[in-house]
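Q: Below: sequence and its predicted model.
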Amino acid sequence: MSAPDLSHISIVLVEPEEPGNIGSVARAMNTMGLSRLVLVNPVPFDVGEARKMAHGSQDLLQNAVVCASLKEALADAALVVGTTHKRREDRPLLYPPSEAARRLVSLPPGQRGAVVFGRESRGLTNEELRLCSVISRIPAATKHPSLNLAQAVLIFTYEIAQADRGGAPVPKLDLPSFEELEGMYEHVQQALDRLGFISRNAPGSFMRSVRRVFGRVQLERRDVAALHKMCRAVDKFIARHRIDTE
């Protein structure tokens, strides 16, 4: 089995606020062998400060992909790692960077992965973390960790490079895309709505639980198809019996 190509792994920065940080991230990526930088609504980064901090990695800045939304940035990703320094009660499974890296380099050939980093001032929102397959957190010795953006990216890219050198086996999996997974979750939500299902908690909170359950396993396209089939059976049952769920 061959090790995956690191060009399949993107580093995604959501609304980076400092041009110098974007340049520093490019430098960290280049040092560890990653080359695909994706920026969501960034500040202008074709400036001297960004080029200066890139220090020999200006080609990553020039080739950076700029997107208007996180969904657009993740459209072709089969595995999305969201990063946070906070403990999330609704997403208790927080993987260390080493485990996230192992999963990323173990993607089947042709499948893309992404590591998503939030704003320097406030990180990723709960809604943005909801779009991620798994959540990762850098263990820290203090209650109030204070890593800057480039430092955090360097830790993750280092772990990715180490996992790649370890020759992680590549399973033969047919993974769904980000858009296919989102379509599945939307269908599940619609089926529950048609059934008149009401969670004791807020509906959004229940769907986060559903995402957490499926996020623990690596769904293939056939699994997504099976869940769609179940939801379509619910749709047909309601239509056949003319059930009023209002």
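A: Now that the structure is in, tell me what you want to look at. Every value quoted in this text rests on a predicted model; they were computed, and no experiment measured them.
Q: OK, contacts around the residue nearest the centre of the chain?
A: Geometric centre of the chain, nearest residue: Val80, 2.4 Å, by Cα atoms, centre = their mean. By Cβ atoms under 8 Å, 6 or more residues apart in numbering, the contact set of Val80 is Leu74, Gly113, Ala114, Val116, Leu131, Cys132, Ser133, Val134, Phe178. Bear in mind the C-beta positions are built from the backbone N, C-alpha and C, glycine included.
Q: so how far is the helix or strand of the chain with the lowest mean pLDDT from its chain's centroid?
A: Ranked by mean pLDDT, DSSP states H and E, the helix or strand of the chain with the weakest confidence is helix 203-215, at a mean of 76. Computed by Cα atoms, centre = their mean, to the nearest Å, the separation of helix 203-215 from the middle of its chain amounts to 16 Å.
Q: How about stretch 107-120?
A: Mean C-alpha position of stretch 107-120 versus that of the full chain (Cα atoms, centre = their mean) differs by 6 Å.
Q: buried sites along it?
A: Leu107, Gln111, Arg112, Gly113, Ala114, Val115, Val116, Phe117, Gly118, Arg119, Glu120 (16 or more other Cβ atoms under 10 Å).
Q: now the strands: where do they sit in this protein?
A: For the chain, the strands defined by DSSP state E cover 9-14, 36-40, 65-67, 77-83, 94-95, 112-117, 134-136.
Q: Show me the strands paired with the fourth one, marking each as parallel or antiparallel.
A: In this case it means strand 77-83. Strand pairing for strand 77-83, using DSSP bridges, gives strand 112-117 (parallel), strand 134-136 (parallel).
Q: do you know how far Leu131 is from Gly215?
A: 11 Å (Cβ to Cβ, to the nearest Å).
Q: Give me the more crowded residue out of these two.
A: Legend: neighbour count by other Cβ atoms under 10 Å for Leu131 and Gly215, higher for Leu131 (21 against 17).
Q: before we move on, back to that, go through the buried residues of stretch 107-120 and say which is closest to Ala239.
A: Comparing these against Ala239 with Cβ to Cβ picks out Gln111 as the nearest, at 36.1 Å.
Q: so who does the closest residue in space to Gly23 that isn't next to it in sequence touch?
A: Setting aside the residues directly before and after it, Gly23 is nearest to Met53 in space (Cβ to Cβ, 6 or more residues apart in numbering), at 3.2 Å. For Met53, the contact set (Cβ under 8 Å, 6+ apart) comprises Pro19, Gly20, Asn21, Ile22, Gly23, Ser24, Ala26, Arg27.
Q: rerun that using 7 Å as the cut-off
A: Contact partners of Met53, counting by Cβ atoms under 7 Å, 6 or more residues apart in numbering, are Gly20, Gly23, Ser24, Arg27.
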